[in-house]
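Student: What shape does this take:
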Amino acid sequence: ALVYAPPGFEHHAVTRLKEEVEYHDGWRRAREVCLLEGFAKGDGGHSRWKQRREALFPRALLERAGAFSLARAEASRAEDLANIREQVGDGERALDATVRARFAVPLLADALRQGQMQENGALNKLRKLKRWVANKPGVLEALLADLRDSRLRKLSLDLGGKATAAAMAQLGAALPETVADLRFEGAPSAVARPAAELLRRGQLEHLQLWGCALGDGEAQTLAAGLAAAPAHGGKLTTLNLGRNKIGDDGARALAEALPRNQALQTLNLGRNNIGDDGA
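Tutor: Below is the predicted model:
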């Protein structure tokens, strides 16, 4: 269920569930689902498709994984468990949190959207039966606590425009220093502030804020983070700010900051409001 790979690597591995789904062409095929740090081949690099695939993972198992602890682990051979504990050493707490956080990612988007749902009573009534977090207070705090203590390197979430600025501030404060690949779709524009902080630290290799309602102000915030990055501009190789509301002023700010980042290979500013001057 946990597969490590460098940022940007696409996994071809899947786990097939026993039950099959009948497609419109009449064929019956096994559903494919797996939990990965990165993207599966069929995700096309999109958080939305990754999230839909992982949503098929049995929720009961995800909730049970929230209680994972190496101290309670069992193994068919005692020496195997002893070897694992020897390798982990003082990092047992971090390992526990990383495993719990990785299994919790499919649930984290629901928890982040919950604040917005509570503000809209009608929407909450329609969806509360579908959301496992609907009647569980403190769930978001517990998920973020594990994320904060983890060594997760990748985080990809499609929030569908349903998260609040306050929820994004909570998430930003919980992002571990190991995160190198951060991808959001449909997040509120407030996501720019924690993303800029990670850029300032120079720890990100991939940043995607697709359809996050970013305007010139948010672009300038991100540009300030890029400009304040360590010497030689950090490690950022991919910056995707497509489908936002960035105009000429935001493009100008990014243009002034980008030359500092010598590692950048891919830049996407498509589907924004950039005119000739900004270009």
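Student: How about the helix or strand harbouring residue 167, which residues are buried there?
Tutor: Residue 167 belongs to helix 165-174 when assigned by DSSP states H and E. Using 16 or more other C-beta atoms under 10 Å as the test for burial, helix 165-174 gives 167-168, 170-172, 174. Bear in mind the C-beta positions are built from the backbone N, C-alpha and C, glycine included.
Student: For residue 264, state which of these is nearest.
Tutor: Distance to residue 264 across those (C-beta to C-beta) is lowest for residue 172, with 22.6 Å.
Student: quick one, what contacts that closest one?
Tutor: Taking C-beta atoms under 8 Å, 6 or more residues apart in numbering, we find residue 172 in contact with 191, 193-195, 197.
Student: Could you single out the nearest of those residues to residue 268?
Tutor: The nearest member of those to residue 268, counting by C-beta to C-beta, is residue 195 at 14.8 Å.
Student: a strand runs through the closest one, doesn't it?
Tutor: No. Counting by DSSP: H, G, I helix; E, B strand; the rest coil, residue 195 is not found in a strand; it is helix.
Student: Mind putting the buried residues of helix 165-174 into CSV with pLDDT?
Tutor: CSV is the format used below for the buried residues of helix 165-174 (pLDDT from 0 to 100):
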residue, pLDDT
167, 91
168, 93
170, 93
171, 95
172, 95
174, 96
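Student: between the residues you listed, which is closest to residue 102?
Tutor: Using C-beta to C-beta, residue 174 is the member of those that lies nearest residue 102, at 14.3 Å.
Student: residues touching the closest one, list them.
Tutor: Residues in contact with residue 174 (C-beta under 8 Å, 6+ apart) are 144-145, 147-148.
Student: let's see it at 7 Å
Tutor: Taking C-beta atoms under 7 Å, 6 or more residues apart in numbering as the criterion, residue 174 is in contact with 144, 147-148.
Student: quick check, residue 239 in a strand?
Tutor: Yes. Under three-state DSSP, residue 239 sits within a strand.
Student: residues near it, how many?
Tutor: Neighbours of residue 239 under the rule other C-beta atoms under 10 Å: 22.
Student: what bridges to it?
Tutor: Counting by DSSP bridges, residue 239 is bridged to residue 207, residue 267.
Student: That one touches residue 263, doesn't it?
Tutor: No. Residue 239 sits out of contact with residue 263 when judged by C-beta atoms under 7 Å, with a separation of 10.5 Å.
Student: Overlap in contacts, these two.
Tutor: Common neighbours of residue 239 and residue 263 (C-beta under 7 Å, 6+ apart) do not exist.
Student: Give me the buried positions along the longest helix seen in the chain.
Tutor: Scanning the chain for the longest helix, with DSSP state H as the assignment, gives helix 92-119. Within helix 92-119, the residues that qualify as buried are 95-117, counting by 16+ other C-beta under 10 Å.
Student: Thank you, goodbye.
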